[in-house]
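[1] Got a sequence here, can you build the structure:
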Amino acid sequence: MLSEKMKGMSLISHRTIKGFMESNKLKASKIEINNEMINAGYVMEVDAETRLFTPEDKQILFSNIEELYFFHQVFLADLQKAVNMEWMEKSVVGPVFLKHELIKHTMVDHPDFSQLLEAQACMQNVASLINERKRRLENINKLAMWQLSISNWKDEDLVIKSSMLLQKGTLNKISNNKFIKCSLYLFDHQLIVLRQESQKKPALLYLHRIDLDQAKIEDLADGSVTVNNETVNNIFRVWCEKRQKWYTFSVLNTDLKLLWKSAFIEERRVVNEEIQKGFVVSTEVRAAAMENAYNQYIAERKKIRLKSVSTAHPTELETFKTFTYATMVEPFIHVGTDQVVRRANKKDRSKSFRHSLHGFIFEKLS
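    Predicted coordinates:
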């Protein structure tokens, strides 16, 4: 087996060679384009002197130089788009060669040409789906981490249905003839309603969610709703099928209202596109993303707490390490792949860190 040093040298060598080859491909294609002078200066003259040069003579002298010239005109443009000039070895040029290799050998009037174009479109669609899947998976991981920052989360995990944040903002919810300031987060398939815990605590508190697959969005006219006998402008409402009720919201101005209206339309477009293209991220993958986020959350909390007692007596520190995982608040524990339950009750969450630590130590020492 190669040593680590040899492996590193091999990797550097391959990267260097690949970058050199990409650079040479680009230069070669540019040289072919510069052959226009040959095409104009010599080939055209031979075509004009039919008495001196037969078609066979022309074929021997210049072969397919004209075809190469016109091919490289298109090929160079595609190659320049694919080549990373700053990092040649990172360039992805395979699809460019595949595309032109297939097309250049097929005449436009050939029966296979239309099928070839269809196959090319299919390959491009597959590549697009792969890129979209990668982007969605990255988003799912981010959404899982975001969920852990929300207090009092209820029901299933956000990522079980959603993989994309489309719009967010602070609005006024109109309920019982009064304004309630809240935060709306619009994801694909669902709308999450939150509010700030308190003026002293900026953390967001979960209120409820609306399933957009069964919801209705209605634009309300200015003045159609009143609060304390005063008319309200820039309002819309969302029907929640689960609760069998309307949720009415108001925003500051017309531009924000149009922004939210467009966001709701975009949400339906994204969902319909998922269905048409058959784009699916399995429940197992979504649940795994939530579990990974939770494990990361636990690790970060342990680091913070261990740091806070880093100057403690070694015996206390070891005791703390032993009990921390068991007594730490664990907001989300997965059961199976698609169900989430709370393990920490409200009483456990209300205990202070100081009380939990010292109570445990004193109990063991007594």
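[2] Now do residue 160 against residue 210, distance only.
    Using Cβ to Cβ, to the nearest Å, residue 160 is found at 15 Å from residue 210. C-beta: built from backbone N, CA, C; applies to glycine.
[3] swap in residue 277?
    As judged by Cβ to Cβ, residue 277 and residue 210 stand 25 Å apart.
[4] would you say residue 128 is within a strand?
    No. Looking at residue 128 with DSSP: H, G, I helix; E, B strand; the rest coil, it is helix, so not inside a strand.
[5] tell me, how many neighbours does it end up with?
    Close neighbours of residue 128, defined as other Cβ atoms under 10 Å, add up to 11.
[6] Quick check: it vs residue 203, distance?
    Applying Cβ to Cβ, the value for residue 128 to residue 203 is 38 Å.
[7] Residue 277 and residue 210: which is more packed in?
    residue 210 (21 against 12).
[8] Quick check: next helix or strand after the helix or strand hosting residue 273?
    Counting by DSSP states H and E, the element that carries residue 273 is helix 254-277. Tracing the chain past helix 254-277, the next element assigned as helix or strand by DSSP H and E is helix 283-308.
[9] Next, the buried residues of that following helix.
    By neighbour count on 16 or more other Cβ atoms under 10 Å, the buried set for helix 283-308 is 286, 287, 288, 289, 290, 291, 293, 294, 297, 298.
[10] And stretch 141-158, by the same measure?
    141, 143, 144, 145, 146, 147, 148, 150, 153, 157, 158.
[11] Touching, the first one and residue 290? I think so.
    Just to be clear, that refers to residue 141. No. Counting by Cβ atoms under 8 Å, residue 141 sits too far from residue 290 to count as a contact (9.3 Å).
[12] Mind picking out the helix or strand in the chain with the poorest mean pLDDT?
    strand 333-335 (a mean of 34; mean pLDDT, DSSP states H and E).
[13] I'd like to know the average pLDDT value across stretch 203-215.
    Stretch 203-215 shows a mean pLDDT of 94.
[14] Poorly predicted segments of the stretch 101-250 of the chain, please.
    For the stretch 101-250 of the chain, applying pLDDT under 70 flags the ranges 101-113, 115-116, 119-120, 122-123, 126.
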